[in-house]
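**Q** fold the following, please.
(one chain, ligands or ions: 3)
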Amino acid sequence: MSQKIAQVIVDVPTMQTDKPFSYLISKELATLIQIGMRVHVPFGRGNRLMQGFVVGFEVEVSQESTGQELKSIAEVLDFEPVLNAEQLALADAMRETVFSYKISILKAMLPNLLNSSYDKVLTTEDESIFKQYFNGNQALHFSSLDESEQAVMMKLHREGKISVQYVAQSKETIKTKKRLTLADKQKLDELPISARAKKRLALQTFLQEQNHVAQSIWDYTDLVKAFSREVVKFFVSEGVLSLTEIEVSRAQAYFETVASDEHKVLNSEQAAAYEAIIDRQDKPFLLEGVTGSGKTEVYLQVIAHMIEQGKTAIMLVPEISLTPLMTNRFIARFGEHVAIMHSGLSDGEKYDEWRKIKSGKAKVVVGARSAIFAPLHNIGAIIIDEEHETSYKQDSNPRYHARDVAIWRAQYHGAALVLGSATPSLETRARAQKNVYQLLHLTQRANNQAEIPEVRILDMRKHLNDKSASFSEVLLDKISEKIAKREQVVLMLNRRGYSSFIMCRDCGFVPECPNCDISLTLHMDTKTLNCHYCGHTTGIPHTCPNCQSKKIRYYGSGTQKVEEELSELLPEARILRMDVDTTKKKGAHERILSSFGAGEADILLGTQMIAKGLDFPNVTLVGVINADTALNLPDFRSSERTFQLLTQVAGRAGRADKKGEVLIQTFNPEHYAIRLAQAQDYEDFYQLEMDFRRKLNYPPYFYTVQLVISHQDEDEVVKKSYEIMALLKANLSEQARILGPIPKPIARTHNLYHYQLLIKYRFEANLAQALNQVLDLTQVPENKKLRIIIDNEPQNFM
Ligand SMILES: Nc1ncnc2c1ncn2[C@@H]1O[C@H](COP(=O)(O)OP(=O)(O)OP(=O)(O)O)[C@@H](O)[C@H]1O
Ligand SMILES: [Zn+2]
Ligand SMILES: [Zn+2]
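**A** Ligands and ions are numbered 1, 2, ... in the order given. Sure thing, here's the model as predicted:
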């Protein structure tokens, strides 16, 4: 008799397995297992149970012909598939361009909660099922059942008679809510209550009146408020009411406070863009619109249109701008149809949002990078705001770019794809130039009274100030002037490629991380020195470990130091600081912004965090304290990044009727990225930067792939790097250039040495196959400790 066999991709942490393994399916599970479900399977010699995904079935030929005994699936983890056909096809497609293993791609598509050990708790409202299977327990833990019982439960679930909740091992991530249900109607009616117990009587009447509502459920806190804790307790102890705890979504709170909002009448440029998008062609759109030109309003109306058509939409924004300010604009239009996915949510909350999407309740998903995997059906539009942001590329495995996934999904669904930015990435703009994308322009600020702010460059070599290391007189005077007028100021300290550290004044010693070739960063809030790579932490030494001198100097102007300086220089100013330290706590980010929005401070001082998305009408001055820090990084995109950042932050000024001004302090006033940011001239910047890229054979003229090879032993890394280079050379054409191997700019982290190779090419038929061969090197036992990262189109060279 032939038996069904499942193909399973297994999640084995010690070895990356890239091909499906075959497993027998027991008779009990045969009709229940579906493609896209997670299972537990025994793996390896020890037969340890591993999680895996069912990706296909095969009919067994005969056991003799394979010559080996197949193992069986031990347990099914899902009641319905967690991955659908589209996602499995997408994973296949991603595997071609994202050189990481299938399992890591599949896992990236799911909420974390489904990738870790959560048990399922089953409940039922069906009386006879309860009697037959629950043994008097309120709920059953799925993992405690044997295989045939599990199979029965899955069948019942499929018939809608059982409900399932995933329960986290650790409870602290989950917010629960107590609720009460009527346990026994007869007891309620017969409950002996003395006529003097007014509150008890009131609750009895209340419950009797509401009882006709099928399955009455009451909020515990509501009843306690209305009838007192004692009274409620009495009803529970008498067996009239039963008390249960359920998980609630914290994300729910978002919806309760947001007032709804109407569409604005689009101006002619906005309307033209809107019409083009909804009348969609096969091509993606690049919506290039100056800051404040109303791109978001266009997105909102495109999404509204799609919903009217019975379709759904994905709206991606950079993690950093995923503030309530931003999400509220979507909730205000689409209410409960919105699901929000950001890293601030707990695993349980993320799972809730995912379920809301999967069940079809959510029509619009607003989220950061990974929201591109949202399991929506019938997608009408995918929008990527600030498309140039590097955070759309994941910098760990799988190293996918959300833009590429978006292109694939838009094609799959026949959806409109919109890439929006005031400063598009060169790659995107070049494609628009070649008509691969359709270019749509917004050249004016949407709000009629608002103009593009005037930008001045302050040459810090001429404006050195005796009183202050960070502020020129000009900037300080401007700030005072604005405060006197009761207007607000945004100050940005560019922290990219820059950090605070300590140094011995006598011998110049700078403490470094023992595991990584990098100096330790000074954190004044915790009074520690931290390594930003491996997390190593130590106290701040009082004497120099090298020469015992007591003259330890603190270097660098962190936001905290600048804040102190500023409050000394301008004691009357009310300052809010926004950086990683002040936004660590949940909700802190939003508190700072809403406080600033409410006019409780004159100055918002922050890092790059404040450059994006802020839309405060009373901000009339933006000051950039140091424009240069990122310019000299060893990365061919450093000019592009600097230009984008300065243009973005300048765009925060003068967004309403009051005119905006921008002051940029710099030591490189002649640098083209700074001059053109002053002019806010994206076109000129694009032309100039494209010239450089062409001359130096960089993207978008050439494609790039970076390989990072790491090992504890430096000799080994060097040896393997040359082996890999030889392998590549043998497989690639003469036109491909291979640079390296060279040590990474930060040559050692986590006690591993890192070397890099960079491939630059225009067309290479054998590239994918060669890279897969390289990737497979790590599967050879002698290379067990070798780590190879393949980064297709790397965004970060540090
Ligand atoms: N058609 C319109 N009529 C009136 N006001 C509008 C219109 N469209 C947008 N606005 C307003 O103009 C301001 C800027 O719009 P929006 O935030 O959509 O621009 P944006 O291009 O997304 O901005 P940025 O990229 O700079 O963050 C907002 O306050 C918005 O409410
Ligand atoms: Zn370290
Ligand atoms: Zn010293």
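**Q** from now on I want contacts and neighbour counts done on CA atoms only, so please keep to that.
**A** Fine.
**Q** the bottom helix or strand of the chain by mean pLDDT?
**A** When the helices and strands of the chain are compared on mean pLDDT, DSSP states H and E, helix 63-66 comes out lowest with a mean of 50.
**Q** what's the spacing between the most centrally placed residue in the chain and Lys744?
**A** By Cα atoms, centre = their mean, the chain has its centre lying nearest to Ala368, at 4.1 Å. Ala368 is 29 Å from Lys744, where distance means Cα to Cα, to the nearest Å.
**Q** over to Leu771?
**A** As judged by Cα to Cα, Leu771 and Lys744 stand 20 Å apart.
**Q** what comes into contact with stretch 412-420?
**A** Contacts with stretch 412-420, where a contact means Cα atoms under 8 Å, 6 or more residues apart in numbering, come from 277-278, 280-289, 295, 378-387, 406-407, 409-410.
**Q** quick one: which of these sit in helices?
**A** 277-278, 295, 406-407, 409-410 (DSSP state H).
**Q** which one of those is nearest Arg456?
**A** Set against Arg456, the nearest of the ones in helices among the contacts of stretch 412-420 by Cα to Cα is Lys295 (25.9 Å).
**Q** from what I can see that closest one touches Gly289, true?
**A** Yes - with contact defined as Cα atoms under 8 Å, Lys295 counts as touching Gly289 (6.6 Å).
**Q** same question for the helix or strand harbouring Leu663, mean pLDDT?
**A** Take DSSP states H and E as the rule and Leu663 turns out to sit in strand 661-666. Across strand 661-666, pLDDT averages out at 91.
**Q** ok, stretch 692-712 next?
**A** Stretch 692-712 comes out at a mean pLDDT of 92.
**Q** of the ones in helices among the contacts of stretch 412-420, list those near ligand 1.
**A** Lys295 (Cα under 6 Å from any ligand atom).
**Q** re the thing from before, wait, the residue nearest to the centre of the chain touches Ser321, no?
**A** No - taking contacts as Cα under 8 Å, Ala368 lies outside contact range of Ser321: 9.0 Å.
**Q** mind listing the shared neighbours of these two?
**A** Common contact partners of Ala368 and Ser321 (Cα under 8 Å, 6+ apart): none.
**Q** convert the C-alpha atoms of stretch 664-679 to PDB, please.
**A** Output of stretch 664-679 as PDB, limited to C-alpha atoms (Å, rounded to 0.1, in the frame of the first residue of the first chain):
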ATOM      1  CA  ILE A 664      24.000  73.900   8.000                       C
ATOM      2  CA  GLN A 665      27.300  73.900   9.800                       C
ATOM      3  CA  THR A 666      30.100  72.200   8.000                       C
ATOM      4  CA  PHE A 667      33.800  72.000   7.600                       C
ATOM      5  CA  ASN A 668      33.500  71.100   3.900                       C
ATOM      6  CA  PRO A 669      31.400  73.900   2.400                       C
ATOM      7  CA  GLU A 670      32.700  73.200  -1.100                       C
ATOM      8  CA  HIS A 671      31.700  69.600  -1.100                       C
ATOM      9  CA  TYR A 672      29.100  69.000  -3.900                       C
ATOM     10  CA  ALA A 673      26.800  67.000  -1.600                       C
ATOM     11  CA  ILE A 674      26.600  69.900   0.700                       C
ATOM     12  CA  ARG A 675      26.300  72.600  -1.900                       C
ATOM     13  CA  LEU A 676      23.600  70.800  -3.800                       C
ATOM     14  CA  ALA A 677      21.700  70.000  -0.600                       C
ATOM     15  CA  GLN A 678      21.800  73.800   0.000                       C
ATOM     16  CA  ALA A 679      20.200  74.400  -3.400                       C
END
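**Q** buried ones in it?
**A** 664-669, 672-678 (16 or more other Cα atoms under 10 Å).
**Q** and for stretch 693-708?
**A** Buried residues in stretch 693-708 (16+ other Cα under 10 Å): 693, 697-708.
**Q** ok, now stretch 535-544?
**A** For stretch 535-544, by 16+ other Cα under 10 Å, it's 540, 544.
**Q** residue contacts, Thr124?
**A** 130, 139, 161-163.
**Q** next one, pLDDT for Asp390 please.
**A** Rather than Asp, residue 390 is Thr. With respect to pLDDT, Thr390 scores 89.
**Q** now do the helix of greatest length in the chain: which elements does it pack against?
**A** Secondary structure of the chain per DSSP H: the longest helix is helix 714-731. Counting contacts by 3 or more Cα pairs under 8 Å, 6 or more residues apart in numbering; DSSP states H and E, helix 714-731 packs against strand 703-711, strand 737-749, strand 752-761, helix 767-776.
**Q** the inter-axis angle of it versus strand 737-749?
**A** Helix 714-731 and strand 737-749 are oriented at 160 degrees to each other (axes from the mean of the first three to the mean of the last three Cα atoms, to 10 degrees).
**Q** roughly how far is helix 714-731 from the heart of the chain?
**A** Centroid separation for helix 714-731 versus its chain: 34 Å, with Cα atoms, centre = their mean, to the nearest Å.
**Q** kindly report the same for stretch 85-98.
**A** Centre-to-centre, stretch 85-98 and its host chain are 20 Å apart (Cα atoms, centre = their mean).
**Q** which outside residues touch that stretch?
**A** Against stretch 85-98 from outside (Cα under 8 Å, 6+ apart): 36, 55, 101-102, 105-106, 109, 373, 375, 398-400, 405, 408-409, 768, 791-792.
**Q** report the mean confidence score over it.
**A** Rounded mean pLDDT across stretch 85-98 is 93.
**Q** hmm, back to that, now the helices and strands packed on helix 714-731 as CSV including distance to Asp477?
**A** CSV is the format used below for the helices and strands packed on helix 714-731 (distance: least, Cα to Cα, whole Å):
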stretch, distance to Asp477
strand 703-711, 47
strand 737-749, 40
strand 752-761, 48
helix 767-776, 57
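**Q** how about the residues of the stretch 1-150 of the chain near ligand 1?
**A** By Cα under 6 Å from any ligand atom, no part of the stretch 1-150 of the chain sits against ligand 1.
**Q** let me redo that: the stretch 301-450 of the chain
**A** So far as Cα under 6 Å from any ligand atom goes, the stretch 301-450 of the chain lies against ligand 1 at 446-447.
**Q** quick one: low-confidence ranges for the stretch 301-450 of the chain?
**A** Along the stretch 301-450 of the chain, the model assigns pLDDT under 70 to residues 449-450.
**Q** ok, which stretches of it are helices?
**A** 324-334, 347-358, 402-413, 426-433 (DSSP state H, counting those that start in this stretch).
**Q** would you confirm that Arg461 contacts Ser472?
**A** No - applying Cα under 8 Å, one finds Arg461 not in contact with Ser472, separated by 10.0 Å.
**Q** in the protein, which residue sits furthest out from the middle?
**A** Largest centroid distance in the chain under Cα atoms, centre = their mean is Ala195 at 59.2 Å.
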